[in-house]
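K.L.:
fold the following, please.
(chains A and B)
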Amino acid sequence: MQIATWNVNSLKVRLPQVLEWLTQHPEVTALAIQETKLEDANFPQAEIESAGFHVAFAGQKTYNGVAIISREPLSDISINIPALDDPQKRVIAATLGGVRLVCVYVPNGQALDSDKYPYKLGWLAALTTWLQDELARHPHLALLGDFNIAPEDRDVHDPAQWEGQVLVSPPERAAWQDLLKLNLSDAFRLFEQADKSFSWWDYRGLGFRRNAGLRIDHILLSAPLATQCTACEIDKAPRRNERPSDHTPVIATLNV
DNA sequence: ATGGCAGGGCACCCCTGA
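P.N.:
Prediction:
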């Protein structure tokens, strides 16, 4: 089966593209999405279910919001990081077969001197602590989402331009390494990949055409799942849609 | 050095994103 992640930047705008993409990718069993920007009361549950999918969602007005769309029933759905008192809807988890899926929308951080930056680092620390328990309960675990971290300079179109900025700063990259220390593997780097592979391109300044992007959307796999992973790729096609999201999907193929 | 573009809320300008 395949699992995927996509920051859709408003599900209200992007729902037709999401359903179209799922039709074009029948092997994708579950898609984790971020930035739905919808309160639960306005979530298009009926449209998604009538298209033949199961869905779990947690959202709020204007900002954030996460969901998992699945071809198979989802069980054991939970939202948020239990020990973190946070009104922002950034985490939803569910079990699909024997695989625990954790969908995250990591805070952006805005700028190193913003209040949002320490919030991001604290949030990542709480995520890591919680995942230790979650991994003990669910050895077959996939952490998918928009991490808002470009882990290495090769994940940045112009490292010199980005040096010292949010998304690439050493404390953020250290938080990423702390996640890997839970014995999680970056599925994308398990395989040979083209240089300058990115998952996000700025809307401004012809970012996509210039391939001025970042790789900030990731799929991390626990050790048992990593051994069953046979491919991981970024699907750039939806970035060419009319009214595209600024992010594009990442897909991992699992031999389960 | 700044803004570029896009979405949403709310009210015509601001906030946020990355």
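
K.L.:
and the stretch 101-250 of chain A, which residues reach DNA strand B?
P.N.:
Contact residues, the stretch 101-250 of chain A versus DNA strand B (Cβ under 7 Å from any atom of the strand): A:107-108, A:110-111, A:116, A:146, A:148, A:166-167, A:200, A:202-205, A:214, A:216, A:243, A:246-247. Using the backbone N, CA and C atoms, a C-beta is placed for each residue, glycine as well.

K.L.:
now the buried members of those.
P.N.:
For those, a burial check counting by 16 or more other Cβ atoms under 10 Å picks out A:107-108, A:146, A:148, A:166-167, A:200, A:214, A:216, A:246-247.

K.L.:
wait, which of those residues is closest to A:P73?
P.N.:
A:D146 (25.3 Å; Cβ to Cβ).

K.L.:
coming back round to it: A:T36: which of the buried ones among the residues of the stretch 101-250 of chain A next to DNA strand B is nearest?
P.N.:
A:D146 (11.8 Å).

K.L.:
next one: phi and psi at the spatially closest residue to the closest one that is not a sequence neighbour?
P.N.:
In space, and not counting its chain neighbours, A:D146 is closest to A:N7: 4.3 Å by Cβ to Cβ, 6 or more residues apart in numbering. With angles defined as degrees, to the nearest 10, A:N7 sits at phi -80, psi 110.

K.L.:
give me the beta-bridge partners of A:N7?
P.N.:
As for beta bridges, A:N7 partners with A:Q34 under DSSP bridges.

K.L.:
neighbours of it, just the number please.
P.N.:
When neighbours are defined as other Cβ atoms under 10 Å, A:N7 has 25 of them.

K.L.:
any idea how far A:S245 is from it?
P.N.:
Distance of A:N7 to A:S245, computed by Cβ to Cβ, to the nearest Å: 6 Å.

K.L.:
could you do A:V28 as well?
P.N.:
16 Å.

K.L.:
correct me, but A:L179 touches A:Q132?
P.N.:
No. Counting by Cβ atoms under 8 Å, A:Q132 is not a contact partner of A:L179; they are 10.6 Å apart.

K.L.:
so between these two, which is more surrounded?
P.N.:
For the pair A:L179 and A:Q132, the greater number of neighbours falls to A:L179 (20 against 9), based on other Cβ under 10 Å.

K.L.:
where does that one fall, helix, sheet strand or coil?
P.N.:
helix (DSSP: H, G, I helix; E, B strand; the rest coil).
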